[in-house]
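> prediction below, plus the sequence it came from.
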Amino acid sequence: MALQFPDSCRYADSHEYARPDGELLRIGVSAFAVDQLGDIVFVELPEVGSQLERGSSFGSVESVKAVEEMYAPISGTVELRNEAVLASPEELQNDPYGEGWLLAVRPSDAAEFNDLMDAATYRLKVEGS
């Protein structure tokens, strides 16, 4: 399966993405990271109203291989969390950029979004070409 790198997303070194959604940013885990994890069995997310700080852990993804921390690509307030992924972690695996989003965050500093890698830069990083 070819990995996707949607141009609408910006990416962090730690493989999380942020995508504009109105005044909010949708946060998720890139298809590359999901592919590396393998079968996902559990997702832990912060509560609505939680404050995220860019670069700090906001939850974890557990697969049959390992438990990986997720790191906030931007700072802000959690406005929504995807309860469907908590109930069915395979959603993250099946559609990381669509139904498998994790959080919707109101950014506290919109400029942080521009500090993230664009799709072409992220693709080069993970594919090493």
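Everything's here; your move.

> who's in contact with the closest residue to Arg10 other than its chain neighbours?
Nearest non-adjacent residue to Arg10, counting by CB to CB, 6 or more residues apart in numbering: Leu116, 3.4 Å away. C-beta: built from backbone N, CA, C; applies to glycine. Leu116 is in contact with Arg10, Tyr11, Ala12, Tyr17, Ala18, Pro73, Ile74, counting by CB atoms under 8 Å, 6 or more residues apart in numbering.

> need the phi and psi values for Leu116.
The phi/psi pair for Leu116 (degrees, to the nearest 10) reads phi -80, psi 160.

> for the contacts of Leu116, which one is nearest Leu80?
Nearest to Leu80 among these: Ala18, at 14.0 Å, using CB to CB.

> just to revisit the earlier point, tell me the one of the contacts of Leu116 nearest Arg54?
Closest to Arg54, out of all of these and judged by CB to CB, is Ile74, at 5.5 Å.

> the closest one in helix, strand or coil?
At Ile74 the chain is in coil, as set by DSSP: H, G, I helix; E, B strand; the rest coil.

> what's the neighbour count on it?
Neighbour count for Ile74, taken as other CB atoms under 10 Å: 25.

> tell me the contacts of it?
Ala18, Leu25, Ile27, Leu52, Arg54, Val105, Pro107, Asp109, Glu112, Phe113, Leu116 are the contacts of Ile74 under CB under 8 Å, 6+ apart.

> that older thread, just the buried ones from the contacts of Leu116, in PyMOL syntax?
Those of the contacts of Leu116 that count as buried under 16 or more other CB atoms under 10 Å are selected in PyMOL with:
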select buried, resi 10+11+12+17+18+73+74
